[in-house]
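Trainee: structure for the following, please:
(chains A and B)
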Amino acid sequence: MWIAMRISDLLRMSASNLWRRKMRTILTVLGVVIGTASIIVMVSIGIGQNRSLMAAIEESGSLTAIQVYYWGSSGNTDELMLNDSMLEEFAAMEHVKSVTPTLRFSVVMKQGAYINTYASINGVTQDVLDKIPLAEGRLPDKDADSLEFVVGSMVARDFYNEKTQKSYWETQVMPDIDFVNQPIFTVFDRDAYWNAQNGQGDPPKKYLLQASGMTTGGEGDYNEYCWEIYCHIDALKATLKKIFRNKPIPGQPTQKNGKPYAEFCYENVIVDVDKMENIAEILQTIQDIGFQAYSNAEYIQSMQQQSKTTQMVLGGIGAVSLFVAAIGIANTMMMSIYERTKEIGVLKVLGCAMGNIRTLFLMEAAFIGFIGGLVGIMLSYGISALINKFAGNLMGNYYYMGADSSISYIPLWLVLAALGFAVMIGIISGFIPALRAMKLSPLAAIRNE
Amino acid sequence: MAKKEPVIEVRNLYKIYRIGQNKVRALNGVDMTIYRGEFCSIVGTSGSGKSTMLNMLAGLEKPTKGTIKIAGKQIEKLSENQLVKFRREKVGFIFQSFNLLGTMNAVENVALPLSFRGVPKRVRLKKASAMLDLVGLKTQKKHRPNQMSGGQQQRVGVARALVVDPEIIFADEPTGNLDSHTSAEVMELMRKVVMEQNKTLVMVTHDNHLATFADRIFHIIDGKIVKVEERDHRDAKISEAATVEELLQRSARENVEDTIEEEDPEIAESDDAVMEEKEEKMEEEV
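Mentor: Prediction:
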């Protein structure tokens, strides 16, 4: 093999050559430092943005959930229904992890002077109930004698004063309702209630219900559960069946003869899919059956696409400065070769293999890239920290500020990739100078100027 | 004596340069044979083709026509890679301007050619150190080239040529950058070492007097060898043994005309000055 020199000797020689021209080496390295740092910082901003986005999405709901709706279309009430048998059909589909129905029922609720004639009670499964964060009380017991429910912290805002007809939205005063400790008069048959109000028929039966708990959050604190009333779906079904007996339940479709169906029909079902990639397929299937279905995935994917584009643009800006640095390396190496023409000649006369000479110069260029990359990484950590500290306050309200959210985030892979990239840039830009050095004539050593 | 083993055989060698429309015959049919253990000098004026001759022998240039056989190998047909390998394994080289690497000290410079062969650092530094002892630089081993006088630097150059244990050593005006006094010292050193180690040395010079240090002298004019002189150095050695000083003085006197005519006197002077300064410095250090 004609490559005869040891790697350690090559390394030592190339390092000492760089060390000999300190100032020039430092300036060239500086170019790489700036290039590397700008790439890392730019990309880290893109990544930070993406992470904030993902965190925000995760906070607002599941990424893999499909919302299925059915607004009982008037024409064909007979065939299509979001009932238990349909749910089983959904659950049997491939990639579907779970199916969670919500049974919504609107009632009239009243306590003291305050009334809400269109309060929605959401019958949900135990899994959903378990996730609700409580400020006081406990979760509803599905086997309790009367219907128990959890009330969202904002629900009171939907009540208005029956005498003044003023709502919270006009007075800005939170209605004084104690859901947990005071009974709430609840009318399930809203049609009968209105008829009675208009002087037709008897007032329907009122039930005295009491909330078992309140969700967390005070006035102005938003969370997923704060606007709704939740109860156990089975308890709601049982209550409705008991109240309406054989009469049709309001909001539920009826058969042609006016009789109710045996099964409840849900307004909303959440189908949870195993992976985000499978969402589109399931979504299509459900829509083909005839339901309205909607998922966050499309929106999220478009946001991610956008964020990826931003990242690439930012990275591109950084890459330009690294490209300039590459030109700097090539220039430095060229200069150095012209300067050392004689020395290279001597090496050749003394029997240094051509491949070794090429390697020597490639190593010098790679060294410049490597050192520049290392320093650039350190610099970019500093810049990143500064951005997060100062710019964070400016943009803080715009992005979701979670525990791990930051404007600029530098993952390990970015550090390694940047270092590798810097070394590669060094080698590439040193390639032509190295070839030139290799081909220099040994006669240069003999010439005496 | 095993003197008659040929180590360099040159047959019918031509080198023709094309300069514009003109053809310049730098070498015009050279034949020469150099035997193992010989100290030969090739002497000629500037433009006589002596440097071209050396470049051919060391494989730095390709001949236009003819054959060069060195240590049984035809080198004119080798590729550049093979030539580098040939030099690495068979050839030592002594330059006019020393050509030591400024980033390395004396030992490292001497060890450099060994590193091209992949010799481990410890081994080659040991060998280099022994070589420096041989050329009389025991105390300057850690000195950088810019801390040494011209004579000392060329001693390092000689050590570097010897360290690879070459078949042949080529020397290109080895004393061209030295004053006459130092020149004589270096020449004697080269003679001594070549004799002791039984090496073949081919030296190129323009200086008739320096050429006389060799066993055989090839006179080259206009690319042709016109005369081969044989010299017996046995008497010279006796006189040298008697008074080295006298010999040096004599050679210095004989050299005066050549040196001053051929070289820029300013450079020679400044060289001297630098050397004296260096020597003073070293004395101070000691």
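Trainee: quick check, pLDDT for the residue most central in space within chain A.
Mentor: By CA atoms, centre = their mean, chain A has its centre lying nearest to residue A:54, at 1.2 Å. In this prediction, residue A:54 carries a pLDDT score of 76.
Trainee: from the contact counts, what lies against the helix or strand it falls within?
Mentor: Element membership of residue A:54 [criterion: DSSP states H and E] is helix A:22-60. Helices and strands touching helix A:22-60, by 3 or more CB pairs under 8 Å, 6 or more residues apart in numbering or on different chains; DSSP states H and E, are helix A:296-339, helix A:354-386, helix A:412-439. Just so you know, the C-beta spots here come from the backbone N, C-alpha and C atoms, and that holds for glycine as well.
Trainee: between helix A:412-439 and the longest one, find me the angle.
Mentor: Which is helix A:296-339. 30 degrees (axes from the mean of the first three to the mean of the last three CA atoms, to 10 degrees).
Trainee: can you list the domains in chain A?
Mentor: Domain segmentation of chain A under automatic domain parsing yields A:7-59+A:302-446, A:65-274.
Trainee: where does chain B dip in pLDDT?
Mentor: B:1-3, B:233-286 (pLDDT under 70).
Trainee: quick revisit: between the helices and strands packed on helix A:22-60, which one is closest to residue B:135.
Mentor: helix A:354-386 (26.7 Å; CB to CB).
Trainee: quick one, what contacts residue A:182?
Mentor: Counting by CB atoms under 8 Å, 6 or more residues apart in numbering or on different chains, residue A:182 touches A:111-112, A:210.
Trainee: close to chain B: what parts of chain A are there?
Mentor: A:2, A:4-6, A:8-9, A:16-17, A:19-20, A:342-343, A:346-354, A:356, A:441-443, A:445-446, A:448 (CB under 8 Å from any CB of the partner chain).
Trainee: can I have the buried ones of those residues as a ChimeraX selection?
Mentor: The buried subset of the residues of chain A next to chain B, as determined by 16 or more other CB atoms under 10 Å in any protein chain shown, is captured in ChimeraX by this line:
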select /A:4,5,6,9,17,342,343,346,347,348,349,350,351,352,353,354,356,442,445,446
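Trainee: of the contacts of residue A:182, which belong to helices?
Mentor: Among those, none falls in helices (DSSP state H).
Trainee: now the buried members of those residues.
Mentor: Buried members of these, scored by 16+ other CB under 10 Å, are A:111, A:210.
Trainee: ok so, going back, deepest in the core, which of the helices and strands packed on helix A:22-60 is it.
Mentor: helix A:354-386 (a mean of 22; mean count of other CB atoms under 10 Å in any protein chain shown).
Trainee: quick one: residues contacting the spatially most central residue of chain B.
Mentor: By CA atoms, centre = their mean, chain B has its centre lying nearest to residue B:171, at 1.8 Å. Contacts for residue B:171 (CB under 8 Å, 6+ apart) come out as B:93-94, B:161, B:190, B:201-204.
Trainee: just the element for it, please.
Mentor: strand B:168-172.
Trainee: that strand: partners in the sheet, and parallel or antiparallel?
Mentor: Strands that pair with strand B:168-172, judged by DSSP bridges, come out as strand B:91-94 (parallel), strand B:200-205 (parallel).
Trainee: appreciated, that's everything.
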